[in-house]
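A.B. asks: Make a model of this:
(one chain, ligands or ions: 2)
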Amino acid sequence: MNLPDIQPPQVDWASGAFADGPLLSKSTRLRDLAGIFADEPARQQLPGEQVIYDVEMLATSPAEGELYTGVTHLYPGRVGGEYFMTRGHFHARREQGEVYFGLRGNGLLLLQNEQGEARLEKVFTGSVHIIPGFTAHRLINTGGEVLSALAVWPGVAGHDYAALANGFALRVMVSSEGWEVHHD
Ligand SMILES: O=P(O)(O)OC[C@H]1O[C@H](O)[C@H](O)[C@@H](O)[C@@H]1O
Ligand SMILES: [Fe+2]
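C.D. replies: Ligands and ions are numbered 1, 2, ... in the order given. So this is what the prediction gives:
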C-alpha cells in the first residue's frame, strides 16, 4: 500500500532556509536600487552586482483567499551612512495585510501609512510584526549579520512601488549609538 505524501514544506527557523518544496527565488542587487538610498553617488561607487537581499518563497496559489509564504534574507552593509534595506512597498490591494516573523539578525521594520506617518519596530529572533492593510513596509538591517524574516501575505496583495516614488518619510542612518532616525 502506498502511503500518501504527508511531508509539508519545511523551514529551518535558525537560518530561514527552506528545506523542501517548490521555491521561487529573487535576488535584488545594488543596481536594482537606484535612487533608493540617500547617497546615490555612494551607491554608484559600490559594485552594482552586489546582492542586497534574497527572497525565497513557496510556489503556492495567488488566488483570492490563498496565502504566500516567503523568507527575506537582507545582508549587512551600508550605502554611505545608510544601512542596507529592502525597496519597500504598499500592496497593490491596499487593504491586504501581512505578518513578518524575525528569524535571525537585528534590524528594523519601517511602516508607513497612506498619510505618510512612519514608525519603526525592532526586528529580532522571535519578533512578530502585524502589518495592517494600507501600510507600506521596508526591512532595514542595522546589525552585522544577515537579517532573515519570514513573511506570510495574501496571494492577491501584489506590490505597488510607484506610490513610494518619493521614498519613505524617514531614514535609518549609522550613528555612534548604532543607528539614528533622519527625517527627509
Ligand atoms: O518587494 P520588496 O520591497 O523589494 O521586498 C522584498 C519582499 O519582502 C517580503 O518578503 C515580502 O513578503 C515580499 O512580498 C517582497 O517582495
Ligand atoms: Fe508586502
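
A.B. asks: does the residue positioned nearest the centre of the chain have beta-bridge partners, and which?
C.D. replies: Taking Cα atoms, centre = their mean as the criterion, residue 139 is the residue nearest the geometric centre of the chain, at 4.5 Å. On DSSP bridges, the residues paired with residue 139 through beta bridges are residue 109.

A.B. asks: and it, what is it in contact with?
C.D. replies: 53, 72, 74, 85-86, 100, 107-110, 123, 147, 149 (Cβ atoms under 8 Å, 6 or more residues apart in numbering). (C-beta placed from N, C-alpha, C; glycine too.)

A.B. asks: what would those look like in a markdown table with distance to ligand 1 and secondary structure?
C.D. replies: Putting the contacts of residue 139 into a markdown table (distance: Cβ to the nearest ligand atom, whole Å; DSSP: H, G, I helix; E, B strand; the rest coil) gives the following:
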| residue | distance to ligand 1 | secondary structure |
| --- | --- | --- |
| 53 | 7 | strand |
| 72 | 4 | strand |
| 74 | 9 | strand |
| 85 | 9 | strand |
| 86 | 4 | coil |
| 100 | 8 | strand |
| 107 | 13 | strand |
| 108 | 14 | strand |
| 109 | 11 | strand |
| 110 | 11 | strand |
| 123 | 12 | strand |
| 147 | 11 | strand |
| 149 | 7 | strand |
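
A.B. asks: Perfect, I'm done here.
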